[in-house]
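**Q** Predicted coordinates and the sequence they were generated for:
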Amino acid sequence: MSAAIPFDTLAFVKELEGAGIPTAQAEAQVKMLATVMRQMDARMDDLAARRDKQTTEKFDTLADRNEQQVKGRLDGLATKPELDFRLATVEANLKRDIEAAKSETIKWTAGMFAAQTALIIGAMFAVMKMNQQPAPVSHIPPPQEMRLPAVPPTPPASSTSPR
């Protein structure tokens, strides 16, 4: 129910009389206005009641539909043995996936360990090579040929030699 709109009829009559309207006519206008306001109030109550009834009907319809949907879903649920089987299957799949992930992780870890070891050894050799002291540099002249001077050939002995 809606609350009635407060209406001061005496103040309204005095306002009309102040405007020059005779008292009888002012009272008649106030009565008519009050009657119209009561009718409007009753009409508003009627409309509000209809709206509430429609809302209630819609709610009841939705509630029934939701109840039917919930019952349908409950009927479609699996029984306990089916759920246990599904759970066991999921658990077995999960264990298999975990084992596969473990082996992949071990493979990657071993590979990365080998790669890092090779990298460190290579870096160590590079650092060792850089830190070697250079061999002392001394000036060694290029080798020269050491030939004896050529001996002039000896003249042949003459056949006229004193004997």
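**A** The structure has been received and is ready for your questions. Numbers count the residues shown, from 1 in each chain.

**Q** Please parse this structure into its domains.
**A** 1-77, 79-129 (automatic domain parsing).

**Q** Residue ranges in this structure under the pLDDT threshold?
**A** 1-4, 76, 78, 158-163 (pLDDT under 70).

**Q** So which residue is dead centre in it?
**A** residue 101 (23.6 Å; CA atoms, centre = their mean).

**Q** next one: phi and psi at that residue?
**A** Torsion angles at residue 101 (phi, psi; degrees, to the nearest 10) stand at phi -70, psi -40.

**Q** May I see the domains of the chain arranged in TSV, with distance to residue 147 as well?
**A** Where C-beta positions appear, they are placed from N, C-alpha and C, glycine not excepted. What follows is these, written out as TSV (distance: least, CB to CB, whole Å):
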stretch	distance to residue 147
domain 1-77	114
domain 79-129	43
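
**Q** Report the separation between the residue nearest to the centre of the chain and residue 87.
**A** 21 Å (CB to CB, to the nearest Å).

**Q** Where do the helices of this protein begin and end?
**A** Assigned by DSSP state H, the helices in the chain fall at 9-18, 23-75, 80-131.

**Q** Mean neighbour count, these: which tops it?
**A** helix 9-18 (a mean of 13; mean count of other CB atoms under 10 Å).

**Q** Give me the packing partners of that one, helices and strands only.
**A** helix 23-75 (3 or more CB pairs under 8 Å, 6 or more residues apart in numbering; DSSP states H and E).

**Q** Kindly provide the distance from the residue nearest to the centre of the chain to residue 95.
**A** Counting by CB to CB - residue 101 and residue 95 are separated by 11 Å.

**Q** And for residue 37?
**A** 79 Å.

**Q** before we move on, what about residue 62?
**A** In terms of CB to CB, residue 62 sits 45 Å off from residue 95.
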